[in-house]
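Enquirer: got a predicted structure plus its sequence, pasted below:
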Amino acid sequence: MNTTQMENKYQLPTYHKFPLVINKGKGAYVFDEKGDKYLDFYGGHAVALIGHCHPKVVKAVTKQLNKLIFYSNVVYNDQRAQVAKALVNLAPNAFSSVFFCNSGTEANETALKLAKKYTGKDEVISFEGSFHGRTVGALSVTGSDKYKKNVGNLLSSVKFAKLGDIKSVEKIITPNTAAIIVEAIQSIAGVNVADPTFYKELKKLAKTNGTVLIYDEVQTGLGRCGKMFFGELVGCMPDMITMAKGIAGGLPAGAVLVSEKIAKSVENGDQGCTFGGGPVVCSAILATLDVIKKEKLWEKAEKYGNKLKDKISQFPRVLGICGEGLLLGIKLEVPAKNIQAKLLAKYVITGTSDNPNVLRIMPPLTITGKEVSIFLNELNQALKD
């Protein structure tokens, strides 16, 4: 029984998979069991933020593995203390504390829970097309019905507005609205993003109604959007930011940045996460943040994102390009899955979306000009064939 057969037999079949067995990664490349090299412009769902197996992350994790693998939050730990300080200092002055967990879903669940506790309210506003996770709470605020099929009743206190349409939010906000949660850039929906004015109006509306504003930055955070955080891009910071994906260089981790006013309402026992903020994961986060800061990767994301937009917009069968930095959606005249398959045959990995005509690219922020050129050449050829 080979690897593919073994996984198909024993793993719950919840994922549609590429026909690849990936056993190794380095930088912007991954390698299959035959040793063939693939340029990864998908990044394993945007996780490979600083590339695969970055040497600084590997070194930090190896060192920590030999020191202390785990102890929970009932004790203090040097790695956790340092990374908490680093994340708070990395963010604008709007945030004073951080909560650690294991995933973006957990981060979003935590933010919603804290918002309800802080406000004493119950209702939540989210947006059509958004994705916030697959647990019951996170799924309840996810704005796509395809993920909710056959799972029974979800939270009833959630309403959905249209991204970019502030009037649609004004129509459904009430004195009982605890939180507005917005996926900064709706990635899986087709890389949808609103005009900066919308986010400012959303902040003003939330403040007027005593409602907490949450940015889901699971994919956009830590430089991918061309700024360290999406709020800096649109000139408007929320009350909480949720993060995950590439925060720990590929290890499972999530975090919630919390404003001081909300942090003051949190008491012992309000939230917990056994493995959140474990020493090994924290060592990986520290190393990842160090790479991002020293190499100013948000600037690289902006530079190469602009180059990709400029070049791709001139390719055949391209209707437009959406997104920011290195989270981009290429709108095509043809089904994206057809172009994805052609690229995969040329050893380039990309993603699709819920919009069948949008091809998604989320490469590591550490990509080189040469790797960008390789991708552009292969994409251009795939679109011409």
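Expert: That came through fine.
Enquirer: contacting residues for the residue most central in space within the chain?
Expert: For the chain, the residue lying nearest the average C-alpha position, counting by Cα atoms, centre = their mean, turns out to be Q219 (1.7 Å). Residues near Q219 by Cβ atoms under 8 Å, 6 or more residues apart in numbering: A46, A184, I185, S187, K245, L327, M362. From N, CA and C alone the C-beta is placed, and that goes for glycine too.
Enquirer: wouldn't the first one be in contact with R224 here?
Expert: Looking back up the chat, that one is A46. Yes: A46 sits in contact with R224 when judged by Cβ atoms under 8 Å, with a separation of 6.9 Å.
Enquirer: common neighbours of these two, please.
Expert: G246, L327, M362.
Enquirer: which of those sits closest to K200?
Expert: The shortest separation between K200 and any of the shared contacts of A46 and R224 is 20.9 Å, and it belongs to L327 (by Cβ to Cβ).
Enquirer: if I look at the closest one, how far off is E183?
Expert: 11 Å (Cβ to Cβ, to the nearest Å).
Enquirer: who has more neighbours out of these two?
Expert: Relative neighbour count places E183 above the other of L327 and E183, with 30 against 26, counting by other Cβ atoms under 10 Å.
Enquirer: contact partners for the more buried one?
Expert: Under the contact definition (Cβ under 8 Å, 6+ apart), the residues listed for E183 are F127, S130, F131, H132, D216, V218.
Enquirer: sketch out the low-pLDDT regions of the stretch 201-350 of the chain for me.
Expert: The model of the stretch 201-350 of the chain has no residue with pLDDT under 70.
Enquirer: that one: helices as residue ranges?
Expert: 230-234, 260-263, 279-294, 297-312, 336-345 (DSSP state H, counting those that start in this stretch).
Enquirer: in terms of secondary structure, what does the shortest one contact?
Expert: This points to helix 260-263. Under the contact criterion of 3 or more Cβ pairs under 8 Å, 6 or more residues apart in numbering; DSSP states H and E, the helices and strands touching helix 260-263 comprise strand 95-101, helix 104-119.
Enquirer: quick one: contacts for the nearest residue to E302 once chain neighbours are set aside?
Expert: Across the structure, with Cβ to Cβ, 6 or more residues apart in numbering as the measure, the residue nearest E302 apart from its sequence neighbours is G226 (3.6 Å). Applying Cβ under 8 Å, 6+ apart, we find G226 in contact with L233, W298, A301, E302, G305, E324, G325, L326.
Enquirer: the first one and K227 touch, don't they?
Expert: Yes: in this structure L233 lies within contact range of K227 using Cβ under 8 Å: 4.5 Å.
Enquirer: my guess is D40 contacts K26, does it?
Expert: No: D40 lies out of contact with K26 (Cβ under 8 Å); the separation is 10.1 Å.
Enquirer: give me the common contacts of those two.
Expert: Overlap of the contact sets of D40 and K26 (by Cβ under 8 Å, 6+ apart) consists of H52.
Enquirer: for this protein, what spans make up the strands?
Expert: Ranges of strands in the chain, per DSSP state E, are 22-26, 29-32, 37-40, 95-101, 123-127, 158-161, 177-183, 212-216, 240-243, 254-259, 318-324, 327-332, 348-349, 358-361.
Enquirer: need those in TSV with distance to K171, can you?
Expert: Converted to TSV, these look like this (distance: least, Cβ to Cβ, whole Å):
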stretch	distance to K171
strand 22-26	46
strand 29-32	46
strand 37-40	42
strand 95-101	30
strand 123-127	10
strand 158-161	8
strand 177-183	12
strand 212-216	18
strand 240-243	24
strand 254-259	27
strand 318-324	26
strand 327-332	28
strand 348-349	41
strand 358-361	28
